[in-house]
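J.: Build the 3D model from these lines:
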Amino acid sequence: MEHKVDGELREEMQYYHRICAVTVVSSAFPIPLGIRFQKDGETEVSCSLSLLQDLLGRVGRRFLDLLVADALYLQAPFVRDVEGLGLDWVINLKENQPELLAEAQRLTAGAALHRDGDEQQELQLWHAPEVYWPVADRSVRVVKTVRTQQKNRVRVGLNDAGQRRPRKEIVVEQSTNFYASNLELGTIPPVFVYQLGRSRWVIDTEVFQTITTDGHLKKPSVHQGRGQALLVLTMIRVLAFTLTMVFFHRQVRSHLRSCCIGFCDLAQRLAYQFVVTAQPDSS
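T.: The predicted structure follows:
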């Protein structure tokens, strides 16, 4: 990038790092267990696999027994390596595996196996215990879900007098998802696979969104020419988020009869404790 320093135009290298993270989502609140920066020429999938291998080597199987991941990770080599680590998996199935997706769609074209819902939302679920995956030359379990939700929206339009007026309306949204897995369910209902697959969204909504929005994860506090400083600063931010999250749930929420503040409110109050207001010089 180019920027001016003392009126002189200079060209500097600005560092952007892609991060892979392993987060525990089965606990009462999500806990980042480890992060790893992608190296030059390294894919996200291979970076995540290296992180998994490193974590298992350091902490063992105490925190890891099942992997939940996005559709990008539904690749035969990655799945084989994950199973080699002794882990089960639930991964979103999308268009990046067209043959598996087409077969799953064919096998789940009939009536839904499970229905649940209320006036605001409905869940329909299909279960195909054996779907052939040609790329991996094996069969996997696939669960298909269709979620229908009624949401309130406010639309701004013009009235007869040409004035802008808000108008409430109900919008029906429908989403279809497929989840592939190697789990042996036994007597466990297949809705369990759906619940596992949905838990991945906790990472996006409660971890990365919070760190990005309130922890300034992507804020370019640019250390021009010092890429290592950016790595260290990111590590500090993730560690601060994790420790504060643990403190909030273990020491704040657990001691309140009814918790009236959220995690971000607590973080803001803690930050104010460290703000030093400059006192005017009365001399």
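
J.: I would like the residues contacting the helix or strand hosting Ser175, please.
T.: Assigned by DSSP states H and E, Ser175 belongs to strand 164-181. With CB atoms under 8 Å, 6 or more residues apart in numbering as the test, strand 164-181 has contacts from 74, 88-94, 97, 100-101, 104, 131, 133, 140-159, 193-194, 196-197. Yep, even glycine has a C-beta here, placed from its N, CA and C like the rest.

J.: likewise stretch 186-200?
T.: Under CB under 8 Å, 6+ apart, the answer for stretch 186-200 is 25-26, 66, 68-70, 90-92, 113-114, 116, 123, 125, 127, 141, 143, 145, 177, 179, 181, 183, 185.

J.: Please pick the buried ones from these.
T.: Buried positions within the contacts of stretch 186-200, assessed by neighbour count (16 or more other CB atoms under 10 Å), are 25, 68-69, 90-92, 113, 123, 125, 127, 141, 143, 145, 177, 179, 181, 183.

J.: So, low pLDDT: which residues of the stretch 151-283 of the chain?
T.: Where the stretch 151-283 of the chain drops to pLDDT under 70, the residues are 204-206, 213-227, 229-230, 254-283.

J.: just so I have it, where are all the helices in it?
T.: Applying DSSP state H, counting those that start in this stretch to the stretch 151-283 of the chain gives helices spanning 191-199, 201-202, 209-214, 227-247, 263-273.

J.: can you give me the angle the strand holding Ser175 makes with helix 191-199?
T.: 120 degrees (axes from the mean of the first three to the mean of the last three CA atoms, to 10 degrees).

J.: Output strand 164-181 as PDB - backbone C-alpha positions only.
T.: C-alpha atoms of strand 164-181 as PDB (Å, rounded to 0.1, in the frame of the first residue of the first chain):
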ATOM      1  CA  ARG A 164     -42.700   7.900   3.800                       C
ATOM      2  CA  ARG A 165     -44.400   5.600   6.400                       C
ATOM      3  CA  PRO A 166     -43.100   2.400   8.000                       C
ATOM      4  CA  ARG A 167     -45.300  -0.700   7.600                       C
ATOM      5  CA  LYS A 168     -45.000  -3.900   9.500                       C
ATOM      6  CA  GLU A 169     -45.200  -7.200   7.600                       C
ATOM      7  CA  ILE A 170     -44.500 -10.800   8.200                       C
ATOM      8  CA  VAL A 171     -42.000 -12.500   6.000                       C
ATOM      9  CA  VAL A 172     -41.700 -16.300   5.700                       C
ATOM     10  CA  GLU A 173     -38.100 -17.500   5.200                       C
ATOM     11  CA  GLN A 174     -37.100 -21.000   4.300                       C
ATOM     12  CA  SER A 175     -33.700 -22.600   4.300                       C
ATOM     13  CA  THR A 176     -32.500 -26.100   3.300                       C
ATOM     14  CA  ASN A 177     -29.400 -27.700   4.700                       C
ATOM     15  CA  PHE A 178     -27.600 -31.000   4.300                       C
ATOM     16  CA  TYR A 179     -25.300 -32.500   6.900                       C
ATOM     17  CA  ALA A 180     -22.900 -35.400   6.200                       C
ATOM     18  CA  SER A 181     -21.500 -37.500   9.000                       C
END
